[in-house]
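# requesting a structural model of the entry that follows:
(one chain, ligands or ions: 1)
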Amino acid sequence: MGIKVAKFGGSSVADGIQLTKTKQIIDHDPDRKYIVVSAPGKRYEGDNKITDLLYLCKTHIDHNLPYDQIFQVVADRYMAVELNLGIDVDLPKYLDEIRANLRKNPSADYVASRGEYLNAILVAAFLGYDFVDTAGLIKFDHKGKILIDETDKALREELSKHERAVLPGFYGSTPDGNIKTFSRGGSDITGALVARAINADIYENWTDVSGFLMADPRIVKNPKQIESISYKELRELSYMGASVLHEDAIYPARMANVPINIRNTNKPKDPGTMITAEDCAQAGQNNDRIITGIAGSKDFTVVALYKNMMSSERGFVRRILGILDDFDINFEHLPSGIDTVSVVMSNKALGDRLDEVIEAFRQRLQPDSIDVFENMALIATVGHRMSYRPGVSAKLFKALGDAKVNIRMIDQGSSEMNIIVGVENKDFEKAIKAIYNTFVEEE
Ligand code: ASP
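Here you go, the predicted structure:
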């Protein structure tokens, strides 16, 4: 017996059918005491997410355009659920209250948050759990930064009064009482904060996939499921993680050492992916495969600086970082040689400032030469078992060599649990397939 926090994403609560599955899952295990819900998501391809419709309402309000019809679409979805599931929460009362507030042109955060708010009220009644609003419990400062410790305390105090509760995800409030949301997909963070506050045994994150795959299924055919992954590995694989779990959900769970289990509401028997502290992940799961996963992304630019005797010039790298700071650009990697340093930046971070950055490098660093490689892709091959294991990189580079992929950059983290290679965009898919085949299919 322990306590489980279960968060259900938009697709798991999209309509009466999905909510019935959700209720079965919750009823199946009495340890699922604290439930966090997203706003209803898409029911089918081409459908609208409630959150998107609410943001659309706000845009109309800002432009003095009629928004009643859009809000009516939102209202109808909740009314249909209330009717289909035979719940009675007096929805018209809540909807009228929101309509009255919309007339006062409230903040976008307030408008968007109503999706989770109404849903949590409905789900709480459906389950027979208490409804606990997160406004006032999930605390942000005036600038909109989450106050983790204050939130922890407030949640713990409040939830000690409720044996079972449903909480809306995605939002909290600032000290002056205004609603503040996380970034999109932020209900994952709410779930992690609740799990941390009550020291849950596990944080279940129910969604529409059975966890993480070892590689992108659009590139590798039927990639294997990741059974277990550590928080650190997941960070290294963040290029692929973001669409399943909000990146910021990891920190609170990791701090409290609460494992996160990604589960599929449509296939509740699947064990999903378990995200744990390093030690558990090392404890012999994933069939002892050397690697845990491969992820990558296209569209990076590498600026390679060469200067004779660079290694004895004090402050060279500091000046590089100073220039990047001045441009407010964060870099991805900084591989270096004795007289060379390469700065790897995403094209998104760089925007259209490449020429200006190069000019600043030229003037302030006086390098002998600058080479620019555009259209680069980065691929991270990650796995705890890679460390202290001779031959892993040889195997990786041989696979890429055999596939005729030219490696333009190599970076290995000091923990030895990841090897990052830079290849040309055009070789991206080919390289991922080659790495997957050599480490997974041919193992
Ligand atoms: N409903 C919000 C969104 O669509 C938050 C969430 O679902 O996590 O982004």
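
# and for residue 50, the neighbour number?
Other residues near residue 50 come to 25 when the count uses other Cβ atoms under 10 Å. Every residue, glycine included, has its C-beta placed from N, CA and C.

# can you check the pLDDT for it?
Reading off the confidence values, residue 50 has pLDDT 98.

# I figured it hits residue 42, correct?
No - between residue 50 and residue 42 there is no contact, the gap being 9.6 Å when judged by Cβ atoms under 8 Å.

# spit out the residues that contact these two alike.
residue 10 (Cβ atoms under 8 Å, 6 or more residues apart in numbering).

# tell me where the longest helix sits in this structure.
When the chain is scanned for its longest helix (criterion: DSSP state H), the result is helix 108-127.

# could you measure from the residue of the stretch 301-443 of the chain found nearest the ligand over to residue 340?
Residue nearest to the ligand within the stretch 301-443 of the chain: residue 348 (20.0 Å; Cβ to the nearest ligand atom). The spacing between residue 348 and residue 340, counted by Cβ to Cβ, to the nearest Å, is 25 Å.

# which stretches of the stretch 301-443 of the chain have low pLDDT?
Filtered on pLDDT under 70, the stretch 301-443 of the chain yields the residue ranges 443.

# cutoff 50 now
Screening the stretch 301-443 of the chain residue by residue with the criterion pLDDT under 50, one finds no matching range.

# excluding chain neighbours, give the residue nearest to the residue of the stretch 301-443 of the chain closest to the ligand in space.
Nearest residue to residue 348, sequence neighbours excluded (Cβ to Cβ, 6 or more residues apart in numbering): residue 299, at 7.2 Å.

# list the contacts of the residue of the stretch 201-350 of the chain found nearest the ligand.
Among the residues of the stretch 201-350 of the chain, residue 246 lies closest to the ligand, at 7.0 Å counting by Cβ to the nearest ligand atom. With contacts defined as Cβ under 8 Å, 6+ apart, residue 246 is in contact with 182-183, 185-189.

# and it, what pLDDT?
Predicted confidence (pLDDT) at residue 246: the value is 90.

# and for residue 285?
Reported pLDDT for residue 285: 51.

# from residue 94, how far off is the most centrally placed residue in the chain?
Central residue check for the chain by Cα atoms, centre = their mean: the C-alpha nearest the mean position is that of residue 246, 2.2 Å away. Distance, residue 246 to residue 94, by Cβ to Cβ: 27 Å.

# give the closest residue to residue 341 in space, chain neighbours not counted.
In space, not counting the residues next to it along the chain, residue 341 is nearest to residue 305; the distance is 5.2 Å by Cβ to Cβ, 6+ apart.

# would you mind measuring from the closest residue to the residue of the stretch 201-350 of the chain closest to the ligand other than its chain neighbours to the ligand?
Take residue 246 and drop its neighbours on the chain: the residue closest to it by Cβ to Cβ, 6+ apart is residue 188, 3.9 Å away. Separation of residue 188 from the ligand (Cβ to the nearest ligand atom, to the nearest Å) stands at 6 Å.

# likewise for residue 167?
Look at residue 167 and the ligand: by Cβ to the nearest ligand atom, they are 13 Å apart.

# which strands border the helix or strand hosting that residue, and is each parallel or antiparallel?
Assigned by DSSP states H and E, residue 167 belongs to strand 165-168. In the sheet, strand 165-168 lines up against strand 32-37 (parallel), strand 130-131 (parallel) (DSSP bridges).

# mind exporting the C-alpha coordinates of it to CSV?
Coordinates of each C-alpha in strand 165-168 appear next as CSV, following Å, rounded to 0.1, in the frame of the first residue of the first chain:
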residue,chain,number,x,y,z
ALA,A,165,-8.9,14.4,-4.6
VAL,A,166,-8.9,15.6,-8.2
LEU,A,167,-6.8,18.6,-9.0
PRO,A,168,-6.7,20.7,-12.2
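
# before we move on, the earlier item: quick one: which helix or strand includes the residue nearest to residue 348?
In this structure, residue 299 is located in strand 293-306 according to DSSP H and E.

# contact partners of the next helix or strand after that strand?
Under the assignment DSSP H and E, the closest C-terminal helix or strand after strand 293-306 is helix 316-327. If you take Cβ under 8 Å, 6+ apart as the criterion, helix 316-327 is touched by 305, 307, 310, 330-331, 334, 336, 341, 343, 345, 353, 356-357, 360-361, 364-365.

# assign residue 7 to helix, strand or coil.
The three-state label for residue 7, taken from DSSP: H, G, I helix; E, B strand; the rest coil, comes out as strand.

# measure it to residue 227 for me?
Residue 7 sits 20 Å away from residue 227, going by Cβ to Cβ.

# compare neighbour counts for those two and give me the winner.
More neighbours surround residue 7 than the other of residue 7 and residue 227, with 29 against 17 (other Cβ under 10 Å).

# any idea of the mean pLDDT in stretch 252-259?
When the per-residue pLDDT values of stretch 252-259 are averaged, the result is 92.

# list the buried residues for that stretch?
Within stretch 252-259, the residues scored as buried using 16 or more other Cβ atoms under 10 Å are 252-254, 256, 258-259.

# in stretch 97-112, which residues are buried?
With burial defined by 16+ other Cβ under 10 Å, the residues of stretch 97-112 counted as buried are 98, 102, 106, 108-112.

# right, I'll call it a day here.
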